[in-house]
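A predicted structure for the sequence below; I have some questions about it.
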Amino acid sequence: MTQSSTVPLASASSSSAESSPPGRGHGLDIEGITHRFGDVTVLNQIHLQVNPGEFVALLGPSGCGKTTILRLVAGLLTPTVGQIRIDGQRVEHVPTHKRNVGIVFQNYALFPHMNVFDNVAYGLRAQGAKTTNVRSRVQDMLELVQLEVMGDRFPNELSGGQQQRIALARALAVEPRILLLDEPFSALDKNLRLDMQIEVKRLLTEQGITTMFVTHDQEEALSMADRIAVMSNGVVQQFDTPTTVYDRPSTLFVSQFVGTTNLISGTLIQHNRESCVVSLADGEQMQLAIDPDMPINSPVQLAIRPENLRLSTEPSPNALPVRVDICLPLGAATIYEVRTASGIPIKVTQPRGIGVKSLVPGQTVYLTLASAHACSIFHVSDTDPSV
Ligand SMILES: Nc1ncnc2c1ncn2[C@@H]1O[C@H](COP(=O)(O)OP(=O)(O)O)[C@@H](O)[C@H]1O
Ligand SMILES: [Mg+2]
């Protein structure tokens, strides 16, 4: 990414930002975007409708096309096919400096030869704002990111977290209609990252700023976003709230990429309107309270989160006998790895409380689902080859 593309993308005329009441946010629609670099299709039929004031995360592995989406919205690239609208107006052919979109990249890229004040003032001056207005706006922005006493410092006199807050202040100074954040915290160490995540989320929610946020870190996406678009190979696999993405992954890829999941292969041998039976290796059977829309004898993958399984020392109908292999007491929870009679390993997380007796390796116990909806079932032809 070049230095020039990391500056706030100021509007030549700030009238659109000034005419809208602060805190309302602006809508962003990405409609049927396909993007090719030469012969290579890196985005395929992307549809994302971002509501005014919403905080949306683009989550996916490296190379899946997240940054390309931000560059298209910012106007650093023109889509091969499709439309981008801000507040309903098409912008694919509006130049970058007229889109009024703010962008913050991973490496913050403050101008090293300018002090903090001048860095934050950069976009305002580029817009031709009056000196007195620049001064008060920069002061407001520095107060917003709680660095009002740092105006005279140079970037190399700031910590990584402070530099990132200044980069954010610089992007927000020009009142962008849309804020784009590309892995903004990935260069920060873990504790600082958490502080910044909380602070930035609070700040942007208070200001009602429509934000598109790129990350490859599923925890960051789950904790910060109003909605998450989970991507792989240039395709949006699911666009939904964090809890829905986690609890109801729509594809095998999503179930694996977001959170920890047990994947268990089997064959669908029975189903009716309320339940189905899946035969695992060696004929072990699991009865599930779901009615998958697929024919009998379909090869399937079950995706079950470790916390959605229960272990009991007492047998019960539908319980699968398993043997405890490994027991890891991790503070609040214990993680067990158990094996079925045919050797399929399954991870189970159980809350650990005072008086709850740990299971021991070698012990035979009985595995059940915590609830009827604790399992997702996918036809194996749904398998994304990139998984
Ligand atoms: N300017 C470019 N020319 C050719 N290929 C590119 C260019 N920019 C990105 N790509 C390719 O497009 C794909 C998506 O890249 P990118 O959007 O940066 O992914 P992400 O941000 O999810 O890691 C990658 O395969 C990358 O190599
Ligand atoms: Mg990227």
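Sure thing, it's come through. Numbers count the residues shown, from 1 in each chain. Ligands and ions are numbered 1, 2, ... in the order given.

In three-state terms, label the spatially most central residue of the chain for me.
With distances taken as C-alpha atoms, centre = their mean, the residue of the chain nearest its centroid is Ala221 (3.2 Å). Recorded secondary structure, Ala221: helix (DSSP: H, G, I helix; E, B strand; the rest coil).

Could you measure from it over to ligand 1?
Separation of Ala221 from ligand 1 (C-beta to the nearest ligand atom, to the nearest Å): 13 Å. The C-beta positions use only the backbone N, C-alpha and C, and glycine is treated the same way.

now swap in Leu180 and tell me
With distances taken as C-beta to the nearest ligand atom, Leu180 is found 12 Å from ligand 1.

That residue belongs to a strand, doesn't it?
Yes: the assignment for Leu180 by three-state DSSP puts it in a strand.

Tell me what it is bridged to.
Beta-bridge pairing of Leu180 under DSSP bridges involves Ile103, Met212.

neighbours around the closest residue to Glu220 other than its chain neighbours, how many?
Nearest non-adjacent residue to Glu220, counting by C-beta to C-beta, 6 or more residues apart in numbering: Gln197, 6.4 Å away. Using other C-beta atoms under 10 Å, the number of residues around Gln197 comes to 19.

try the one 5 residues further on
Counted with other C-beta under 10 Å, the neighbours of Arg202 add up to 10.

Give the buried residues for the helix or strand harbouring it.
Remark: Arg202 resides in helix 190-207, with elements defined by DSSP states H and E. Buried residues in helix 190-207, counted by 16 or more other C-beta atoms under 10 Å: 192-193, 196-197, 200-201, 203-205, 207.

Show residues contacting that helix.
Contacts to helix 190-207, defined as C-beta atoms under 8 Å, 6 or more residues apart in numbering, come from residues 22-23, 55, 144-145, 159-161, 164-165, 168, 172, 179, 181, 184-185, 188, 211, 220, 223-224.

Output that helix in PDB, but only the C-alpha positions, please.
Extracted in PDB, the C-alpha atoms of helix 190-207 (Å, rounded to 0.1, in the frame of the first residue of the first chain):
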ATOM      1  CA  LYS A 190      -2.500  -8.100  22.800                       C
ATOM      2  CA  ASN A 191      -3.300  -6.000  25.800                       C
ATOM      3  CA  LEU A 192      -3.200  -2.800  24.000                       C
ATOM      4  CA  ARG A 193      -5.200  -4.300  21.200                       C
ATOM      5  CA  LEU A 194      -8.100  -5.100  23.600                       C
ATOM      6  CA  ASP A 195      -8.000  -1.500  25.000                       C
ATOM      7  CA  MET A 196      -8.100   0.000  21.500                       C
ATOM      8  CA  GLN A 197     -10.900  -2.300  20.400                       C
ATOM      9  CA  ILE A 198     -13.100  -1.200  23.200                       C
ATOM     10  CA  GLU A 199     -12.200   2.500  22.800                       C
ATOM     11  CA  VAL A 200     -12.700   2.600  19.100                       C
ATOM     12  CA  LYS A 201     -15.900   0.700  19.200                       C
ATOM     13  CA  ARG A 202     -17.300   3.100  21.900                       C
ATOM     14  CA  LEU A 203     -16.100   6.200  20.000                       C
ATOM     15  CA  LEU A 204     -17.600   5.100  16.600                       C
ATOM     16  CA  THR A 205     -20.800   4.000  18.200                       C
ATOM     17  CA  GLU A 206     -21.200   7.300  20.000                       C
ATOM     18  CA  GLN A 207     -20.500   9.200  16.800                       C
END
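
Run the chain-centre distance for that helix.
Relative to its chain's centre, helix 190-207 lies at 15 Å (C-alpha atoms, centre = their mean, to the nearest Å).

what do you get for stretch 294-301?
The answer for stretch 294-301 is 31 Å, by C-alpha atoms, centre = their mean.

near ligand 1, which residues of the stretch 1-150 of the chain show up?
Contact residues, the stretch 1-150 of the chain versus ligand 1 (C-beta under 6 Å from any ligand atom): 37, 42, 60, 62-68.

hmm, which of these are the buried ones?
Using 16+ other C-beta under 10 Å, the buried members of those are 42, 60, 64-68.

Out of the residues you listed, list just those in strands.
Using DSSP state E, Val42 are the members of those that sit in strands.

hang on, the earlier thing: want to throw the buried residues of helix 190-207 into JSON lines with distance to ligand 1 and pLDDT?
Output for these, formatted as JSON lines (distance: C-beta to the nearest ligand atom, whole Å; pLDDT from 0 to 100):
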{"residue": "Leu192", "distance to ligand 1": "23", "pLDDT": "77"}
{"residue": "Arg193", "distance to ligand 1": "19", "pLDDT": "82"}
{"residue": "Met196", "distance to ligand 1": "20", "pLDDT": "81"}
{"residue": "Gln197", "distance to ligand 1": "19", "pLDDT": "87"}
{"residue": "Val200", "distance to ligand 1": "19", "pLDDT": "86"}
{"residue": "Lys201", "distance to ligand 1": "21", "pLDDT": "89"}
{"residue": "Leu203", "distance to ligand 1": "24", "pLDDT": "85"}
{"residue": "Leu204", "distance to ligand 1": "21", "pLDDT": "89"}
{"residue": "Thr205", "distance to ligand 1": "25", "pLDDT": "88"}
{"residue": "Gln207", "distance to ligand 1": "26", "pLDDT": "86"}
